[in-house]
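**Q** Let's see this in three dimensions:
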Amino acid sequence: MVEHCSPLDSIFSSLADPTRRDILRRVSRHELSINEVAAPYDLTLAAISKHLMVLEHAKLISKRRAGKQHFIAISPPAFKQASQFLRHYQEVWEERLDRLQDLLAKK
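**A** A predicted model of the protein is given here:
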């Protein structure tokens with residue numbers, strides 16, 4: 001059994017949770033304070049903080065402090081890494097679908 005946790009493992013594990021995906025969707029538009037992140041959810045600030053820690057560990061978000069407030073923003077490099085990983089499989093499936101289309105066109 002593999003015991004390490006690669007950056008991709010952290011990214012995809014983070015993306016597996018619908019609350020975290022929604023947080024990412026919201027902070028992708030513009031930076032939000034932690035209170036703004038928490039507002040739409042029926043969760044405690046502690047629970048939101050745990051979600052943010054998971055996202056930060058995966059490097060999907062960055063935090064910035066201004067005075068007493070913390071602001072959350074999306075961090076594109078991790079998304080690029082995940083996208084590059086998935087691109088390989090996209091190419092494999094596109095090639096297979098192209099071959100299937102060619103095969104069906106010959107019939």
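**Q** Show the contacting residues for the most centrally placed residue in the chain.
**A** The centroid of the chain falls nearest to residue 15 when counting by CA atoms, centre = their mean (4.6 Å). Residue 15 is in contact with 21, 24, 60, 82, counting by CB atoms under 8 Å, 6 or more residues apart in numbering. Backbone N, C-alpha and C define where each C-beta goes, glycine included.
**Q** ranking those residues by neighbours, who comes first?
**A** When neighbours are taken as other CB atoms under 10 Å, the top entry among those is residue 60 (26 neighbours).
**Q** Any buried residues in the longest helix anywhere in the chain, and which?
**A** In the chain, with assignment by DSSP state H, the single longest helix is helix 76-106. Across helix 76-106, burial judged by 16 or more other CB atoms under 10 Å covers 78, 79, 82.
**Q** Over to stretch 34-48?
**A** For stretch 34-48, by 16+ other CB under 10 Å, it's 34, 37, 38, 48.
**Q** Off-centre distance for it?
**A** In terms of CA atoms, centre = their mean, to the nearest Å, the centre of stretch 34-48 is found 18 Å from the chain centre.
**Q** What helices and strands are in contact with the helix or strand containing residue 65?
**A** When elements are assigned from DSSP states H and E, residue 65 belongs to strand 61-66. Applying 3 or more CB pairs under 8 Å, 6 or more residues apart in numbering; DSSP states H and E, one finds that strand 61-66 contacts helix 18-29, helix 45-57, strand 69-74.
**Q** buried residues in that strand?
**A** 61, 62.
**Q** and the gap between residue 43 and residue 76?
**A** Separation of residue 43 from residue 76 (CB to CB, to the nearest Å): 26 Å.
**Q** From residue 48, how far out is residue 98?
**A** On the measure of CB to CB, residue 98 and residue 48 end up 45 Å apart.
**Q** likewise residue 14?
**A** From residue 14 to residue 48 the distance is 14 Å (CB to CB).
**Q** Same check on residue 68?
**A** With CB to CB as the criterion, residue 68 and residue 48 are 17 Å apart.
**Q** Check residue 80 too.
**A** 26 Å.
**Q** shouldn't residue 59 be in contact with residue 79?
**A** No: assessed by CB atoms under 8 Å, residue 59 is found out of contact with residue 79, at 9.5 Å.
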